[in-house]
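Q: sequence unknown, structure follows:
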């Protein structure tokens, strides 16, 4: 935005609440004043929604109207698979000039090394696991930490590795509750008095591809009383250990972003403006190693990124 | 400990796992080496338990035996109402020379301005609430934060004030769910899109002195699927808002203590050694303003400290 | 402020840049909108200055004019000795109705257990000392941490205790550089490879009541290249150890306040409004134990609070 | 290490204080017990030194002796250019089987996207800059933040971008003090009251390739009273603004590593063991995008990584 305004002299317009704002023409002019000081803040100053214009009557027509009324030359949508999926359709259908920016704490876009928001979420969970480690004060305690990740377990894997978890359960690998419990028993039989289990909200017991615990509500989130509570209770009943769940919920989404995410967001933003000003539309900016590159939206959204089996194997080395 | 060893030249012995260690004679010699570097760590290097020697067959005899075998001159138990309640009986019955140190995150001892552990717990919850505030990204969202506090709501009140909560529910004031929901509706009708409700685990709906949600398990803690989940669901169903619970659990108990708690713990420790070396037994050290004083154990444990109605009224000013 | 607007229905006016704003009539209306969300932010939304209206020509007349023009009924100045010293004179001379609020990171007001800002500064320094402790990676290293505190060493003493410093130098106790060096040598001769020295910016070598290192500049702060650099160099030259200074500077003044300080500020604010609305002027609100009380401004400013010798003695126990 | 012991059943030996330990045969056996719990701690449990065996009489012979006496099959040195430079020679000369691990907060190894320690240092500086931002309370203040980086400005550039610095001075681009001052004046003339300048310790004024401020002492570090103090004073004298330096020093090196660095260190360690067990010596493990790869030591150390001009240009967009 800053680059757009400062170097190119254009007007920058923000849409409130994601695609809902585009549909309804709900805009706010962005300038150097009202964006000053937002760097260290988490969340969004524009708001978000789960509105899909393709799933509503006349949504597309309203978008066309907004683009015409506001004389919009190009759109720079920021979001994950859902947000950018709409962007891709608008681009493919020639409705709007699009450069997408990948932002989701789930990190499940295969075209980019990292989406922004992810490292911040991992750090928040890691800090919580660190605190749990120091409460290993009594015999045979198991801490269950439920983290975000409905279809991919990146947050669980990274925070579990960083925090030194003794087991990490991810959606990509349905777990056998008997094996989990046996593993914990072995640890404690060998003299450990404390175990930490990190579980992604979308992890499921094997043979239970659709379980009650994994159902999502109207807002698209797993219901509480979900997998964390399930595990807490199963482990307590099967082992007699003092088992406790911690459910961080939206705490993972908020607050001051890490330095890594701020630099990434800044680079993505500048690169998106560069692409847009150069007329290179239908792309998503992406991190590849040390570089920011442009990837066709279609390719960027072709498949979700799941946890890397090699990385999971590295984590397993430490399950002890 | 350090003062005991360094200035007085005594031997310091730690008992593992609280009273369980005294009953079983499970000791560890504490010296300048094995206690070096523990200041910034949370938790305990000795462990804890919920063992009550008065509630077990022969517990008292075993304690007497340990005191004799190890030639213990004095005991400096560290803990809350339960731990110090045992200490008081041992002192009253002439079984041991006692100087107690108040440590509990619940802050429910009336004889001291603060117990140590409390400000650290408040800080952890406040950090979480800060993060939730920045996720106020979509319309009509309510965040429910369940915090520790079975019979007293100090953590909820302090962290709710520090974090700018829109409602604070404590055990001392059974709440009317209709009023809570009406308050949230009023806020959102006035244009607010986001509310934060902080609830102590022991808070109960009015007229429900014993509810399912407040039951405690064998480990003495409120069961998960407790009041936080109850509120999340009630609010969602009654308002249609997107309601979410965060349950921090034992994260509140661990990790690096705040500077305030470290200074308090250091002062309590030195003051307890001073009292013990001066033969002033049957006392608990306590913070009163800027001073550390000694209070008879009986007086110190006479009544629990509940949240101050004036402080709650100050918090209410900001419920908006 | 919130209490003033919400409960009492008054208008609240903020003056920019402290007394400078009152002199120049530089005001900003404070309401529930422009103060929403400021709780977790450090610093001030109003700004500050070192303007003393009594030290400028016609300053007092301009203040009288502002009070008349804006029809100000009462002033609630927030600050330390300098700010409240002006307030006291205005109050004594019958120029304005005053209720003062103690805010200074120096904590040097004797009438209140704590001023707000102090615990936040202590926490920031303690976090830095914690980080330094883990860099004890090579032989014979000494870390010098220079902290704020021109005439009182509260920040140095508290953060040194919380961080486990091996020496704490405060303005109240001019130090003998020979003794400091001898103490460090003894530690290292006994096998320690690492020492941390915390020094208040106003600490001075004994017999050097006015040294070059302690001079203050036009902004009232000790010049850099001050006592921290002096100690770093003296220790390096006298011992041959690898000595390093860390100078946190204004980092100590900023950022998210601790939960303790936020609750304290909230209580002070509400109590000041209560006093003002009750017409109880010429007072400063103060923390005494668990209570907020009102103290006559004259008494509140009668003498500075210096570090408590008993607390310093407790810290010394750990200098080892 | 863990992987070496657990999966491969080998003995792992740590050398104290880097190459000094290898020269002197100062070892410590590493096992699952004495390495348990070290994940969240910063620094090193082994210690470090600046010993270069090639620069001392008989250093090489002593290394050969240690390798023979301890029957060492392979060495896994962890460090930056200096440490790995020695490793490379030992490898080239056939003296030891080597797999190197890149660890330096300076991030100046071109073969790897990141060295571990770097992101943690960046985060610490960013947190400090965030705090400084909130102290923008009075007119015309300039904060100078001196950070590590003798020959490369990576920490300055990343933390400056993440923290929203108004100027970033790095060793790769000698600065013109007139230009720096003119830039600050322009900002303040346009109404800004506050500027933040981040400067790497090795940054130098243009035309002053060797200045007094950049000299390093026997320990290889820039002397304090270095470039930060120089800038503070130059800016104050030339502009009359209230200029202040913050010098974080070794605070940047210590404390709990970020989650990013912990995952990186874990992956590097496991990858180094894999390479060593597979007999693939003379390599350094490196991060390339999402993968850990092996790079010949000669290639890895061929040239230092300097700050990327494109990344610097992105940062400049925001200097405003």
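A: Everything's here; your move. Everything numeric in this text was worked out from a predicted model, so none of it was measured.
Q: C-alpha only now, for contacts and for neighbours.
A: Noted.
Q: my guess is residue A:21 contacts residue A:27, does it?
A: Yes - between residue A:21 and residue A:27 there is a contact under Cα atoms under 8 Å: 6.7 Å.
Q: Spatially nearest residue to the residue of the stretch 151-300 of chain A found nearest chain D, not counting backbone neighbours?
A: The nearest approach of the stretch 151-300 of chain A to chain D comes at residue A:289, 3.7 Å away (Cα to the nearest Cα). In this structure, residue A:289 finds its nearest non-sequential neighbour in residue D:289, 3.7 Å apart by Cα to Cα, 6 or more residues apart in numbering or on different chains.
Q: Helix or strand next in line after the helix ranked longest in chain A, which one?
A: Using DSSP state H, we find that the single longest helix of chain A is helix A:259-277. Going down the chain from helix A:259-277, the next helix or strand is strand A:283-288, by DSSP states H and E.
Q: domains in chain A, as residue ranges please.
A: A:2-115+A:257-300, A:120-254 (automatic domain parsing).
Q: Determine which of the ones you listed approaches residue C:3 most closely.
A: Taking Cα to Cα, domain A:2-115+A:257-300 is the member of the domains of chain A nearest to residue C:3, at 27.1 Å.
Q: Distance-wise, check the residue in the stretch 51-200 of chain A that chain C sits nearest to relative to residue A:261.
A: Per Cα to the nearest Cα, residue A:127 is where the stretch 51-200 of chain A lies closest to chain C, at 14.8 Å. Here residue A:127 is placed at a distance of 17 Å from residue A:261 (Cα to Cα, to the nearest Å).
Q: what ranges do the strands span in the stretch 201-320 of chain A?
A: A:242-247, A:283-288, A:291-296 (DSSP state E, counting those that start in this stretch).
Q: would you list the ones you listed in CSV and tack on mean pLDDT and mean neighbour count?
A: Converted to CSV, these look like this (pLDDT from 0 to 100; neighbours: other Cα atoms under 10 Å in any protein chain shown):
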stretch, mean pLDDT, mean neighbour count
strand A:242-247, 92, 24
strand A:283-288, 97, 25
strand A:291-296, 97, 18
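Q: Surely residue A:122 and residue A:158 touch.
A: Yes - look at residue A:122 against residue A:158 with Cα under 8 Å: they come within range, at 6.4 Å.
Q: can you list residues touching both of those two?
A: Residues touching both residue A:122 and residue A:158 by Cα atoms under 8 Å, 6 or more residues apart in numbering or on different chains: residue D:259.
Q: burial of residue A:96, as a residue count?
A: 22 (other Cα atoms under 10 Å in any protein chain shown).
Q: Check the secondary structure at it for me.
A: coil (DSSP: H, G, I helix; E, B strand; the rest coil).
Q: do you know how far it is from chain D?
A: Relative to chain D, residue A:96 is positioned 27 Å away (Cα to the nearest Cα, to the nearest Å).
Q: so what's that residue closest to, chain neighbours aside?
A: Excluding its sequence neighbours, the residue lying closest to residue A:96 (Cα to Cα, 6+ apart) is residue A:90, at 5.7 Å.
Q: Could you point out the helix or strand that follows the helix or strand hosting the one you found?
A: Taking DSSP H and E as the definition, residue A:90 sits inside helix A:81-92. Later in the chain than helix A:81-92, the nearest helix or strand by DSSP H and E is strand A:99-102.
Q: Hmm, residue A:83 is touching residue A:90, no?
A: No - under the criterion of Cα under 8 Å, residue A:83 makes no contact with residue A:90, lying 11.0 Å away.
Q: hang on, the earlier thing: please point out which parts of the longest helix of chain A sit buried.
A: A:259-276 (16 or more other Cα atoms under 10 Å in any protein chain shown).
Q: How about the contacts made by the closest residue in space to residue A:303 that isn't next to it in sequence?
A: What sits nearest to residue A:303 in space, not counting adjacent residues and going by Cα to Cα, 6+ apart, is residue A:110, at 6.6 Å. Taking Cα under 8 Å, 6+ apart, we find residue A:110 in contact with A:300-301, A:303-305.
Q: Out of these, list just those in helices.
A: Using DSSP H, residue A:300 are the members of the contacts of residue A:110 that sit in helices.
Q: Can you tell me which of the contacts of residue A:110 has the lowest confidence score?
A: Of all the contacts of residue A:110, residue A:303 has the smallest pLDDT value, namely 90.
Q: quick one: it and residue A:81 touch, right?
A: No - using Cα under 8 Å as the test, residue A:303 is too far from residue A:81 to be in contact (9.6 Å).
Q: who has more neighbours, these two?
A: Between residue A:303 and residue A:81, counting by other Cα under 10 Å, residue A:81 is the more crowded of the two (20 against 13).
Q: Could you pull up phi and psi at the closest residue to the more buried one other than its chain neighbours?
A: Once flanking residues are discounted, residue A:81 sits nearest to residue A:301: 6.7 Å by Cα to Cα, 6+ apart. Taking degrees, to the nearest 10, you get phi -100, psi 10 for the backbone angles of residue A:301.
Q: In contact with residue A:301, which residues are there?
A: Applying Cα under 8 Å, 6+ apart, the residues contacting residue A:301 are A:81, A:84-85, A:109-111.
Q: what does the stretch 101-250 of chain A put close to chain D?
A: A:113, A:119, A:122-123, A:126, A:130, A:158-159, A:161-164 (Cα under 8 Å from any Cα of the partner chain).
Q: Any of those residues buried? List them.
A: A:113, A:119, A:122-123, A:126, A:130, A:158-159, A:161-164.
Q: Surely residue A:242 and residue A:194 touch.
A: No - applying Cα under 8 Å, one finds residue A:242 not in contact with residue A:194, separated by 9.6 Å.
Q: so what sits against both of those two?
A: By the contact definition Cα under 8 Å, 6+ apart, residue A:242 and residue A:194 are jointly contacted by A:140-142.
Q: Need the residues that contact stretch A:41-61.
A: Residues outside stretch A:41-61 that contact it (Cα under 8 Å, 6+ apart): A:14-20, A:23, A:63, A:82-83, A:86, A:253-257, B:131, B:134-138.
Q: Up against chain B, what does chain A have?
A: Residues of chain A lying near chain B (Cα under 8 Å from any Cα): A:17, A:41-49, A:128-138, A:219, A:224-225, A:229, A:242, A:244-256.
Q: re the thing from before, quick one: check the longest helix of chain A for contact with chain D.
A: Yes - interface with chain D: helix A:259-277 contributes A:259-260, A:262-263, A:266-267, A:270 (Cα under 8 Å from any Cα).
Q: shaky segments in the stretch 1-150 of chain A?
A: A:1-2, A:4-9, A:136-138 (pLDDT under 70).
Q: which residues of it fall in strands?
A: A:12-15, A:27-30, A:78-79, A:99-102, A:141-147.
Q: Was I right to think residue A:193 contacts residue A:140?
A: Yes - Residue A:193 lies in contact with residue A:140 (Cα under 8 Å); the separation is 4.6 Å.
Q: So which of these two has more stuff around it?
A: Shown here are residue A:193 and residue A:140; by other Cα under 10 Å, residue A:140 has more neighbours (21 against 17).
Q: Report the contact partners of that one.
A: So, once contact is read as Cα under 8 Å, 6+ apart, residue A:140 ends up touching A:188, A:192-195, A:241-242.
Q: rerun that using 10 Å as the cut-off
A: Applying Cα atoms under 10 Å, 6 or more residues apart in numbering or on different chains, we find residue A:140 in contact with A:184-185, A:187-189, A:191-195, A:239-243.
Q: Please consider this matter closed, and thank you.
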